[in-house]
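In: Here you go, sequence then predicted model.
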2 protein chains.
Amino acid sequence: MEQSDLLGYSGALLIRDVQINGKRGDIFIDETGTIAGTGEGIAGKYRGEAEFILDGEGAVAMPGLVNTHTHAAMTLLRGYADDMLLQDWLSQKIWPLEAHLTGPDVYWGTKLACLEMIKSGTTAFNDMYFFMEDAARAVDEAGIRAVLSHGFIDLSLPDKRENECLATEKFVASVKSSGNGRIRAAVGPHAIYTVSPEGLKWCAEFAASENIGIHIHLSETEKEVQDCISQYGKRPSYHLDECGILTPSTVAAHCCWLDEDECTLLGKRNVNVSHNPASNMKLATHRAMPYHWLKSAGVNVCLGTDGCASNNNLDMFEEMKTAALLQKFFWNDPTVLPAPEALAMAGMNGARALKVDTGTLKTGAPADIILISTRTACNTPRHNDTSNLVYACNGASVDTTICNGRVLMLERLVLHEEEILKGSAEAAAQLVRRSQS
Amino acid sequence: MEQSDLLGYSGALLIRDVQINGKRGDIFIDETGTIAGTGEGIAGKYRGEAEFILDGEGAVAMPGLVNTHTHAAMTLLRGYADDMLLQDWLSQKIWPLEAHLTGPDVYWGTKLACLEMIKSGTTAFNDMYFFMEDAARAVDEAGIRAVLSHGFIDLSLPDKRENECLATEKFVASVKSSGNGRIRAAVGPHAIYTVSPEGLKWCAEFAASENIGIHIHLSETEKEVQDCISQYGKRPSYHLDECGILTPSTVAAHCCWLDEDECTLLGKRNVNVSHNPASNMKLATHRAMPYHWLKSAGVNVCLGTDGCASNNNLDMFEEMKTAALLQKFFWNDPTVLPAPEALAMAGMNGARALKVDTGTLKTGAPADIILISTRTACNTPRHNDTSNLVYACNGASVDTTICNGRVLMLERLVLHEEEILKGSAEAAAQLVRRSQS
């Protein structure tokens, strides 16, 4: 078998000569896609069992990154509207276009998102959007992991709520029946300003009964906080808590405007918080998620890119850097969110938030592994690999992406890339045409 | 001649099938490295004169980017120290290491910086550091453009001032005598807190007498402003103005803490301001350069990465995005610094600041051209090329880099890349060893 045959390969694989936590070693992946051993001498031990040997050439090996908040199919809206006031942007551009979205659009947008994630070293993501069965089909084909949720929006209308409950139930059942180990469903109440207390309570109860996660936006803007205080007499976290939404299986995105007591509450409830710094900056939330309070409260803080309409890419390496920079700048302390913590946010903490057993290179974990070449300017010199990964490199530094033991990218090549770019470009063009006719 | 022979090539070159300002066309570069024509039908007109034809395959063609504030050789310090308080970082890590810097170190660090810039689409930069004759040698070999200045620091000591004047005179004379059209000298008074008023005045007069530019740091931190008011009874811009430093050939870097009147003064003096958002965020300056006031005052605002100790890369695409995001976030308005203005900052405005005739693809301009493939996720879909370039792509999206008509990168290959990575890594390792012995 040639090296180039390895693209798409899934089977017993020995990766020779990589850097694992600063030490040279090898990785053996067994035929089930599980890491069977890492470190020095692994090559000697497993050479006989390996169907294929991949020469790492001294690359840095690390767990695939985990994007804990995105709307994957919004890749189709990349660059469609920028640099506008939030309300104008939503009401004049984003919502009118989304009104014309179809299942095939979401399929192609999610295909493009998965391609982009594979090319930038992300192997798992937490998604909230519409037509999620089409999204699931795209994720299945791409070979990465996802937790998918139907964006539940009832606008306090009982009929709409009923429909959203049915749509959520139907999607969760379809994911469960598919039996794809890489794809899981979550419940996706959009936010407190789009979902009634009744809707939030139903979501919390349904998630508990199905033993699945919850994915929600929380305190993205100051207006959300002020409106919540006006309407419910309390800040958003307390309102969510009363509705049962704050659980150890909940991922709360944004969280820019939390106060210190809310951070303590999220810590008590073991909620996971997804930081989305690029989106927050682009949409001018004007306040950065209070990382230091969340950290003190013991909250698991992870990282997400948000959708491509407000970022406009899915590069978790860029997002790590933006997170570390924004935290230092806004909270006025260059020691806040040092590189090792930013790296953990993007990997290990994300895996913990999504309850997937990846995020480390330990024996027995699913083989979600990326290789980053050290023969690049961003990794030269090598005073500190972690610093280079967070502050100097971007997603294009990833050479090889493996998910669940399958080689999805090799030497920056991904199967069917041209076809995905063409299909998604055409879907985006048709979507715009439909919205204008 | 094969396509691969084009790497390093300099001569009459026809670039077919590229996107220029949203329209399909061709570019012809004559044997002097000058753009002789662009647009539709250029291929037909110049095919006979072209010694070589490069197929652009529909790539976006744009002027090479211009990095207007960096300390190139600090690539050797990439990742050496991060996440520290500014004073600790400087006094415990950066300065002790810099004390051991040699000319060969600066040569290798600048080689690495030029490689990184070529790979991320930057064809000109404004540099301030030490051992600048070694830096000039590296730039000459790399094939890009630079304005180089010896970092003038007198600490108000007359003897030291005398030495700095001599060093500046010597370096400027050496650049002038070299006759390399891609390399120019500037005078580099470091900042008001490291250079006495006498030193600043000498720099201003010497720059005027030599008809060269001035490169200085201005109002990076709040402390600088407060100390200046304590010592001189005025804000930094007025102090610099009294010393003659504010001229149309001056590039003032950072400018985070300017007040509105200072912006007006810089506008009156036609000073160029270099925005360095990533460095400002990483070092927690806690205030963003007031772009809106500078724009109102008619100041030419350009962009720079700062050195790799405080960024930690030289990617001007990432810097454009960081600039647009930081301005929106800090000044609380998503309409501030829209994508076309960010792109102009990184190109056209930078060229204007450095008084180089690049920054546009107009006929008669030196051929500093980069090609960005459209067959990538960051350029899919193509609702808006400018948005994609600023918000979605990074430097790794650049396929081809041409400076002064010479092809410096082709399909992401650069001549001598391995040698430069090895040489600079070794120089960095030896520098650390020397500092510890």
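Out: Thanks, I have the structure now. Numbers count the residues shown, from 1 in each chain, chains lettered A, B, ... in the order given.

In: List the residues that contact the nearest residue to A:A428 once chain neighbours are set aside.
Out: Among residues not flanking A:A428 along the chain, B:P381 sits closest, at 3.5 Å (CB to CB, 6 or more residues apart in numbering or on different chains). C-beta here means a position set from N, CA and C on the backbone, and glycine is covered the same way. Contacts for B:P381 (CB atoms under 8 Å, 6 or more residues apart in numbering or on different chains) come out as A:75-76, A:78-79, A:424-425, A:428-429.

In: Which positions in the lowest-mean-pLDDT helix or strand in chain A come out as buried?
Out: Sorting the helices and strands of chain A by mean pLDDT, DSSP states H and E puts helix A:86-88 at the bottom, at a mean of 89. By 16 or more other CB atoms under 10 Å in any protein chain shown, the buried positions in helix A:86-88 come out as A:L86.

In: right, is that helix up against chain B?
Out: Yes: counting by CB under 8 Å from any CB of the partner chain, chain B is contacted by helix A:86-88 at A:L86.

In: And for that helix, what's in contact with it?
Out: By CB under 8 Å, 6+ apart, helix A:86-88 touches A:221, A:283-284, B:334.

In: and of those, the nearest to A:E31?
Out: Distance to A:E31 across the contacts of helix A:86-88 (CB to CB) is lowest for A:L283, with 45.9 Å.

In: Kindly confirm my reading that A:V175 is in a helix.
Out: Yes: judged by DSSP: H, G, I helix; E, B strand; the rest coil, A:V175 forms part of a helix.

In: a markdown table for the contacts of B:P381, including secondary structure?
Out: Converted to a markdown table, the contacts of B:P381 look like this (three-state DSSP):
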| residue | secondary structure |
| --- | --- |
| A:T75 | helix |
| A:L76 | helix |
| A:R78 | coil |
| A:G79 | coil |
| A:S424 | helix |
| A:A425 | helix |
| A:A428 | helix |
| A:A429 | helix |
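
In: isn't A:A138 right up against A:M117?
Out: No: using CB atoms under 8 Å, A:A138 is not in contact with A:M117, being 11.3 Å away.

In: Have a look at those two and say which one is more surrounded.
Out: It is A:M117, of A:A138 and A:M117, that has more neighbours when counted by other CB atoms under 10 Å in any protein chain shown, with 31 against 24.

In: quick one, phi/psi of the more buried one?
Out: A:M117 has phi and psi values of phi -70, psi -50 when expressed as degrees, to the nearest 10.

In: Is the helix or strand harbouring A:F317 in proximity to chain B?
Out: Taking DSSP states H and E as the definition, one finds A:F317 inside helix A:316-330. Yes: using CB under 8 Å from any CB, we find that helix A:316-330 touches chain B at A:318, A:321-322, A:324-326, A:328-329.

In: Could you tell me which ranges of chain A sit under the pLDDT cut-off?
Out: Scanning chain A for pLDDT under 70 picks out A:1-2.

In: Name the residues linked to the residue sitting nearest the centre point of it by a beta bridge.
Out: Nearest to the mean C-alpha position of chain A, by CA atoms, centre = their mean, lies A:N67 at 1.8 Å. Taking DSSP bridges as the rule, A:N67 bridges to A:F125.

In: pretty sure it contacts A:G304?
Out: Yes: using CB under 8 Å, A:N67 is in contact with A:G304, at 5.3 Å.

In: which one of the contacts of helix A:86-88 sits closest to A:G121?
Out: Closest to A:G121 out of these is A:L283 (25.3 Å), distances taken as CB to CB.

In: List the residues that contact that closest one.
Out: A:L283 is in contact with A:86, A:89, A:310, B:328, B:334, counting by CB under 8 Å, 6+ apart.

In: Repeat that for A:L371.
Out: A:15, A:18, A:56, A:59-61, A:398-400.

In: Now with 10 Å, please.
Out: The neighbours of A:L371, taking CB atoms under 10 Å, 6 or more residues apart in numbering or on different chains as the test, are A:15, A:18-19, A:27, A:54, A:56-62, A:121, A:397-402, A:409-411.
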